[in-house]
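> For reference, the sequence and a predicted model appear below.
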Amino acid sequence: MRTISITIILAASLFILPSLSSSPSPGELLTTGHVDEALQFLEQQVRQAPNDAGSHNMLCRTYFMMEDWDRGISSCERARDLDPKNSLNYLWLGRIYGEKASRVNFLAAAGLAKKVRTAFERAVELDPDSWEARADLGEFYLEAPSIVGGGKDKARSQANALMPLKPVKAFWLLGRISEKDKDFADAERQYRAGIAATHSGTRAWVELAIFYRHNSRLDDMEKALRELENAQVDDHLALMDGASLLVRTGRDPQLGIRLLRRYFSVGTVEGGPAFRAHEYWGQLLERQGDHRGAAQEYHAALQLYHNYRHAQEGLRRVEH
């Protein structure tokens, strides 16, 4: 990456990069979005211990964060083969198969979709109390055609199983089913039921905002995100997801920045890597004409993941 007074840039940045202990674990590196360090650490670890399923799973998740689906699939399959009784290995394998499937032609996607279903079903079989596995399986059933094992009745069954495990995800899935049925009034009721069930938690508010965006109700989306801003944080990632909605719709950059500031203050999570949050922040500042501030955020992203394409593109825009 460009090295134009990085120390000064980072000191002046709107947010200081997450600090790490002298010997961070791979999990800590992923939680704080230090992808370059995580990749280097884990590649060395699997060379030294090639039969360590946990290291292969973490390496898969690192590639997932980097959107390197092919190498991620290889690592996830290796983790599964080494530890075939571990639900987590199947969960991540299903996720990365799904991402790959969304980027290939129809015939290849159909083959991968069957692998997605098999992986998620096995993840649930091995750990029936895993709300993450059930939520991902339910989403697959909802979105996939019946020829590869999809079906709304199957999705509804997972929603029912999710209700005692993770109510917000159960209502989210029920809302998605209603959207598929084009019963938008019921969909909104389901999302609002999720808000009530979680005592106004962040995840439920962002799901309602996403629903409004799907239906081009952008003013209502913004209202939901303002509620999200001060909601009880039951899901850190919801704050970054809310900011991403504002980035994508070109709405209220100041609200987006406040959501990201809160995201960093409560703590980043693996599903919402810090480098991506910095890149979103850069886009919001860029939209306001603050190119210097945007450059600082893009540089902050590249300090964590030096090949992050979106931050590289953003930096080129504001520096030229």
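Sure, I can see it.

> which helix in this protein runs the most residues?
If you go by DSSP state H, the chain has its longest helix at helix 106-126.

> which is the next helix or strand following that one?
Following helix 106-126 in sequence order, the next helix or strand is helix 131-143 (DSSP states H and E).

> tilt between the longest helix of the chain and helix 131-143?
140 degrees (axes from the mean of the first three to the mean of the last three CA atoms, to 10 degrees).

> Which neighbouring elements make contact with helix 106-126?
Under the contact criterion of 3 or more CB pairs under 8 Å, 6 or more residues apart in numbering; DSSP states H and E, helix 106-126 touches helix 87-101, helix 131-143. In this view, the C-beta of every residue, glycine as well, is placed from N, C-alpha and C.

> Contacts made by that helix with the rest, please.
Helix 106-126 is touched from outside by 80, 85-88, 90-91, 93-94, 97-98, 100-102, 104, 130, 133-134, 136-137, 140, 144, 147-150, with contacts defined as CB atoms under 8 Å, 6 or more residues apart in numbering.

> Kindly recompute the last result at 7 Å.
Contacts with helix 106-126, where a contact means CB atoms under 7 Å, 6 or more residues apart in numbering, come from 85, 87, 90-91, 93-94, 97-98, 100-101, 104, 130, 133-134, 136-137, 140, 144, 148-149.

> Pull out the buried members of the residues you listed.
87, 90-91, 93-94, 97-98, 100-101, 130, 133-134, 136-137, 140, 144, 148-149 (16 or more other CB atoms under 10 Å).

> So what's the residue count around P24?
18 (other CB atoms under 10 Å).

> Which secondary structure state does it sit in?
Three-state call for P24 (DSSP: H, G, I helix; E, B strand; the rest coil): coil.

> For it, give its distance to Q288.
Per CB to CB, to the nearest Å, P24 is found 34 Å from Q288.

> Between helix 87-101 and the longest helix of the chain, find me the angle.
160 degrees.

> what comes up buried for helix 106-126?
Neighbour-count burial for helix 106-126 [16+ other CB under 10 Å]: 109, 112-113, 115-117, 119-124, 126.

> Do you have the helices of the stretch 201-320 of the chain handy? List them.
For the stretch 201-320 of the chain, helices defined by DSSP state H, counting those that start in this stretch occupy the ranges 202-214, 218-229, 237-249, 253-266, 274-287, 291-304, 309-319.

> Quick check: which of these is nearest to D186?
Nearest to D186 among the helices of the stretch 201-320 of the chain is helix 202-214 (11.3 Å), distances taken as CB to CB.

> Can you give the distance from stretch 86-100 to the centre of its chain?
How far stretch 86-100 lies from its chain's middle: 14 Å, per CA atoms, centre = their mean, to the nearest Å.

> I meant to write stretch 213-228 there.
20 Å.

> How about stretch 191-205?
19 Å.

> Output the buried residues of helix 106-126 as JSON lines; include the columns distance to S200 and pLDDT.
Compiled in JSON lines, the buried residues of helix 106-126 are given as follows (distance: CB to CB, whole Å; pLDDT from 0 to 100):
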{"residue": "A109", "distance to S200": "38", "pLDDT": "94"}
{"residue": "L112", "distance to S200": "38", "pLDDT": "96"}
{"residue": "A113", "distance to S200": "36", "pLDDT": "96"}
{"residue": "K115", "distance to S200": "38", "pLDDT": "97"}
{"residue": "V116", "distance to S200": "33", "pLDDT": "98"}
{"residue": "R117", "distance to S200": "34", "pLDDT": "98"}
{"residue": "A119", "distance to S200": "34", "pLDDT": "98"}
{"residue": "F120", "distance to S200": "30", "pLDDT": "98"}
{"residue": "E121", "distance to S200": "34", "pLDDT": "98"}
{"residue": "R122", "distance to S200": "35", "pLDDT": "98"}
{"residue": "A123", "distance to S200": "30", "pLDDT": "98"}
{"residue": "V124", "distance to S200": "29", "pLDDT": "98"}
{"residue": "L126", "distance to S200": "34", "pLDDT": "98"}
